[in-house]
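Chemist: here you go, sequence then predicted model.
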Amino acid sequence: MSTESKILEILNKTQETRLNDLVEMTGSSRQMVHRAIKDLLEKKRIEKIGSAPKTFYRLRPSSSTQAHQLVEADQRFLEEHFLLVTERGLRLIGVDALIHWCSRQKLPIEKTASEFIATRKKYLSYFQPNGLIDGHDKIHSTKGLERIGLDAIYYLDFYAIERFGKTRLGILLHLAKQGQNRKLMDEIIELSHERINRLILEQRVDAVGYIPPTIKREVQFMKVLERKLNLPLPHIGLVKVRGEIAIPQKALPKIEDRVSNARFSIMVTEKRKFNKILLIDDAVGSGATMNETALKLKDNNLVKTVIGLAITGSFKGFDVIQEV
């Protein structure tokens with residue numbers, strides 16, 4: 001009996017089992033068990049639960065292998081755009097993610113796949129050839145912003161789309177920040193750095209600024225982003241000051257309150273002057289923070305042009321992104 005067959009037989013009896021136990025119970029070498037597990041994961045016969053050193057393996061639930069009639073092109077599209085993290089913390093992509101989602105919603109797979117693809121393609125139509133979404137109209141249509149300091153604003157993707165919720169990048173950003181997950185942060189940066197560098201070259205940016213976070217976390221996404229991007233440009237001095245109680249933008253439902261919060265919490269410590277600055281933030285809802293930062297830079301005669309860039313942004317005008 002092959003090592004793979006032994007592992008499947010063991011998991012059929014014992015459910016969740018650790019690697020060390022599989023080595024002992026199969027009588028195979030650790031290397032052979034590792035190779036067999038890798039093959040079984042790729043074949044989607046088993047799934048991994050947890051992370052090292054607390055990693056367990058189990059048979060993949062039968063619902064994840066539900067039959068479907070999706071053509072190869074649709075499967076590839078789902079593989080690129082449909083991501084789901086289950087209530088147990090399992091990461092599913094593509095057809096597996098859709099099947100799980102449909103199973104929970106009690107929806108037909110093929111029909112739902114067609115609806116998702118059509119919806120996602122509608123939002124993809126907003127992307128420019130450089131791989132960015134132009135948020136110029138959004139920022140100018142947001143009522144409550146007295147003055148516009150941003151000369152342009154772009155997103156790498158929308159945070160969420162209708163009916164299906166958060167996009168793949170939106171999910172990664174949400175989980176990376178909430179779980180302070182460095183691996184997910186690295187994945188976001190890997191998906192982002194090429195387009196950010198391209199924008200800098202196209203726009204001839206000569207300095208960059210990172211919007212500082214409000215909520216204290218041991219692992220700050222914006223700090224990781226700044227360090228890993230390692231952009232060869234001057235970094236302008238921006239500081240977030242807090243009152244006795246820190247109030248994050250996402251806690252404020254009114255645009256006027258968001259503008260006031262940004263105005264009195266973001267401080268510019270920069271003294272140098274630049275022609276064009278790129279401001280980077282993780283998510284843009286109302287755009288108040290980035291816009292107020294741009295206004296302060298201009299009012300202090302530190303820059304002529306300010307471009308904003310967010311990892312994700314809202315589709316509508318004034319919108320509240322609660323989760324990040």
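Modeler: Done, it's in. Numbering: from 1, shown residues only.
Chemist: quick one: low-confidence ranges for the stretch 101-250 of the chain?
Modeler: Across the stretch 101-250 of the chain, residues meeting the criterion (pLDDT under 70) sit at 244.
Chemist: can you give me the offset of the top helix by length along the chain from its chain's centre?
Modeler: The single longest helix within the chain, with elements called by DSSP state H, is helix 182-203. Offset of helix 182-203 from its chain centre (CA atoms, centre = their mean, to the nearest Å): 12 Å.
Chemist: helices or strands up against that helix?
Modeler: With contacts defined as 3 or more CB pairs under 8 Å, 6 or more residues apart in numbering; DSSP states H and E, the packing partners of helix 182-203 are strand 152-158, helix 168-178, helix 221-229, strand 274-284, strand 303-313. Glycine gets a C-beta too; all of them are placed from N, C-alpha and C.
Chemist: as a markdown table, those with distance to residue 257 would be great.
Modeler: Shown next, in a markdown table, are the helices and strands packed on helix 182-203 (distance: least, CB to CB, whole Å):
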| stretch | distance to residue 257 |
| --- | --- |
| strand 152-158 | 21 |
| helix 168-178 | 22 |
| helix 221-229 | 22 |
| strand 274-284 | 17 |
| strand 303-313 | 20 |
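Chemist: out of the ones you listed, which is closest to residue 79?
Modeler: helix 168-178 (10.4 Å; CB to CB).
Chemist: what angle do that closest one and strand 274-284 make?
Modeler: Put simply, helix 168-178 runs at 90 degrees to strand 274-284, going by axes from the mean of the first three to the mean of the last three CA atoms, to 10 degrees.
Chemist: in helix 168-178, what counts as buried?
Modeler: By neighbour count on 16 or more other CB atoms under 10 Å, the buried set for helix 168-178 is 168-177.
Chemist: with stretch 108-117 instead?
Modeler: Using 16+ other CB under 10 Å as the test for burial, stretch 108-117 gives 109, 112-113, 116-117.
Chemist: out of the helices and strands packed on helix 182-203, which is closest to residue 78?
Modeler: Nearest to residue 78 among the helices and strands packed on helix 182-203 is helix 168-178; the distance by CB to CB comes to 10.5 Å.
Chemist: give me the contacts around the closest one.
Modeler: Helix 168-178 is contacted by residues 80-85, 156-160, 166, 181, 184-185, 187-188, 191, 217, 221, 282-283, 311-312, 323-324 when judged by CB atoms under 8 Å, 6 or more residues apart in numbering.
Chemist: that helix: how far from the chain's middle?
Modeler: The chain centroid and the centroid of helix 168-178 are separated by 4 Å under CA atoms, centre = their mean.
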